[in-house]
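> could you work out the structure for the sequence below:
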Amino acid sequence: MTLQQLKYIIAIAETGSITTAAQRLFIAQPSLSKSVAELEKEMRITIFNRSNRGVYLSEDGTKFLSYARQIVEQAELLENEYKSTVPSRRAFAVSSQHYAFVVNAFVALVREYGRDKFEFSLRELKTAEIIEDVRTRRSDIGVLFLSSFNREVIRHILQNEEIRFEPLFTAKPHVFVSRSNPLVGRSSVTLDDLKAFPRLTYDQGVKNSFYFAEELHITAESPKNIVVSDRATLFNLLIGLDGYTISSGILSSDLNGSNIVSIPLESDEEMEIGYIITTDRPMNELTLRYLEHLKEYIANYSS
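Predicted structure coming up:
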């Protein structure tokens, strides 16, 4: 297995076509196909499934690709550090559930280091993908929550992957609704109050276990349910359909405008929101600085 072969795999996965990847890589298609076949034989897996429309990753290939990206990215960092005569780029990545305060802290970090060369990434992902990003070191840090419902399951997964959870703050559950929702103006709402409105939740993909949900009371009865994949769509549907979602209660008018309102939810549950990191390496300068911005934003919101 060579670094070049891993770059080939990444290019094919990104284009979905061996022909297009060969053109991007400036090599002959037969040579690229042969290289992939040799790698599959060496690894004893099928990386790509073939169809009339092109190629797509197999289940083994999806996992292999995550390792390949990690290796190639680390190799590029080494080259930038030791082969380049110009200062290396500062690199930092965070993977998170859908929280405005995570974005606010990221914005503050970018502004602070904006004059430097940098390669920053912010990914709002499914819960299982956040854990995988941290495990494979695609991200330096992940942000998610624990509750009495999911704590045992999530902590067991983290322990098996040698990842630790560090709490940031504990929040009582709130519902986000549009400013025009009939519930606005109430000091609190109950789960029964919410049954008349569509419940919006984030898609958790193939690992769609209740334990991976981003919302508390995910097993509570709800006759109207809509699953979305991104925060912008969720907020649009809150406004357009008078829907609701259950979250921490922290909103950012800078990011979300003034059309979304947070109302306390009567509940015995709590959200322990924190960050996850691998246990086998220290946090770098950018990760530590990001955490400072994160804690500062949370403190300002709470005060």
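> all contacts plus neighbour counts: C-alpha atoms, from now on.
Will do.
> show me which helix runs longest in this structure.
helix 59-82 (DSSP state H).
> could you list every helix and strand in contact with the helix or strand following that one?
Sequence-wise, the next helix or strand downstream of helix 59-82 (DSSP states H and E) is strand 90-96. Packing contacts for strand 90-96, counted by 3 or more Cα pairs under 8 Å, 6 or more residues apart in numbering; DSSP states H and E, involve strand 118-124, helix 127-135, strand 141-146, helix 285-302.
> could you identify which of these is most buried?
Of the helices and strands packed on strand 90-96, the one with the most neighbours on average (mean count of other Cα atoms under 10 Å) is strand 141-146, at a mean of 26.
> which strands border that strand, and is each parallel or antiparallel?
Under the criterion DSSP bridges, strand 141-146 sits next to strand 90-96 (parallel), strand 271-278 (antiparallel) in its sheet.
> what's the mean pLDDT across that strand?
For strand 141-146, mean pLDDT is 97.
> that strand: what's the following helix or strand?
According to DSSP H and E, the helix or strand after strand 141-146 is helix 151-160.
> output the contacting helices and strands for that following helix.
Using 3+ Cα pairs under 8 Å, 6+ apart: helix 151-160 touches strand 163-171.
> how about the strand it packs on: buried residues?
The neighbour-count check on strand 163-171 (16 or more other Cα atoms under 10 Å) flags Ile163, Arg164, Phe165, Leu168, Ala171 as buried.
> again, but for stretch 108-116
Ala108, Leu109.
> regarding it, how distant is the last residue from the first?
14 Å (Cα to Cα, to the nearest Å).
> rounded mean pLDDT for it, please.
Mean predicted confidence for stretch 108-116 is 85.
> what's the answer for stretch 270-279, then?
95.
> tally of neighbours for Glu42?
10 (other Cα atoms under 10 Å).
> just the element for it, please.
When elements are assigned from DSSP H and E, Glu42 belongs to helix 29-43.
> quick one: distance of that helix to the chain centre.
32 Å (Cα atoms, centre = their mean, to the nearest Å).
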